[in-house]
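With the input below, show me the fold.
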Amino acid sequence: MSASLSLLESAKQAVSARIGNVTPALLDNEMRWVLDDFLRNTRVWREVVEVTMVPGQADYALGIEDYEAAVGIIQARYGGFPVSLFIQRASYTQTGAPAWAGLLNDRTLRVYPLPSAGTTGVMEVEVFNTLLPTLHAVPPDELRPYHRAIMDGLLSRMFEMADKPWHNLKAFAVAVANYEAAKADVRIMADRGRAVTSQQVAFPRHGF
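Down below sits the predicted model:
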């Protein structure tokens, strides 16, 4: 069993022990929605996709797995230089070296302007992904450090179910507050590259 699957099984067991009388199928279903929300809002699952430009072509498939969805772009580079993040939804005919890029949807990259004749270089696009909750897939290993957050997310969904014997608004408030706080912390850490030391500026001394 992969590390990420072990994490999910452990989280589901912890939730089952706290609420009792819940079927594994229900926990599995709710867990998929928690993972989608967690990955979508923390940006911990990142992937660099290489897209080869084709003259006159604006839209490109990202080539990600069927169970993945690209939520957004972190950064893009073409020819070794940063590309501005922008989406041009209207049709256009301007050509040149691609200078802007954006996601038309969760699987398609659009560049602007249209690559001109002879433009066949590779654009490197760093995206952050989520798992589609409607499909079964092995979760990414990026989830491994976040057992408690995943457990709190699952607990919050279970306690919120009004038609179930474990419905508990007080416990829901605690679980969802813990979950939202964990997501915010993880998002900050992900954007900082897990750097935890503060940056300090040393000012030179001046003699008198």
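
The lengthiest helix in the chain: how far from the chain's middle?
The residue-count maximum for a helix in the chain (DSSP state H) belongs to helix 169-191. Computed by C-alpha atoms, centre = their mean, to the nearest Å, the chain-centroid distance of helix 169-191 equals 16 Å.

buried residues in that helix?
For helix 169-191, the buried set under the neighbour-count rule, 16 or more other C-beta atoms under 10 Å, comprises 171-172, 175-176, 178-179, 182-183, 186, 190. Glycine gets a C-beta too; all of them are placed from N, C-alpha and C.

tell me the mean pLDDT for it?
The average pLDDT for helix 169-191 rounds to 96.

What of stretch 49-67?
When pLDDT is averaged over stretch 49-67, the result is 95.

Mind listing what's buried along it?
Neighbour counts using 16+ other C-beta under 10 Å place 49, 51, 53, 58, 60, 62, 67 of stretch 49-67 among the buried residues.

Make a markdown table from these and add distance to residue 10 to it.
Listed next are those as a markdown table, based on distance: C-beta to C-beta, whole Å:
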| residue | distance to residue 10 |
| --- | --- |
| 49 | 31 |
| 51 | 37 |
| 53 | 44 |
| 58 | 45 |
| 60 | 39 |
| 62 | 32 |
| 67 | 22 |
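
I'd assumed residue 34 was in contact with residue 157.
Yes. The pair residue 157 / residue 34 is scored as a contact, 6.3 Å apart, by C-beta atoms under 8 Å.

Which parts of this protein are strands?
In the chain, the segments counted as strands under DSSP state E are 46-52, 59-61, 68-78, 81-82, 84-85, 95-96, 100-105, 108-112, 114-115, 122-131.

could I get the ones you listed as TSV with distance to residue 15?
As requested, the strands of the chain are exported to TSV (distance: least, C-beta to C-beta, whole Å):
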stretch	distance to residue 15
strand 46-52	28
strand 59-61	37
strand 68-78	25
strand 81-82	43
strand 84-85	38
strand 95-96	54
strand 100-105	33
strand 108-112	36
strand 114-115	50
strand 122-131	19
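
just so I know, which of these lies nearest residue 22?
With C-beta to C-beta, the closest approach to residue 22 among the strands of the chain belongs to strand 122-131: 21.6 Å.
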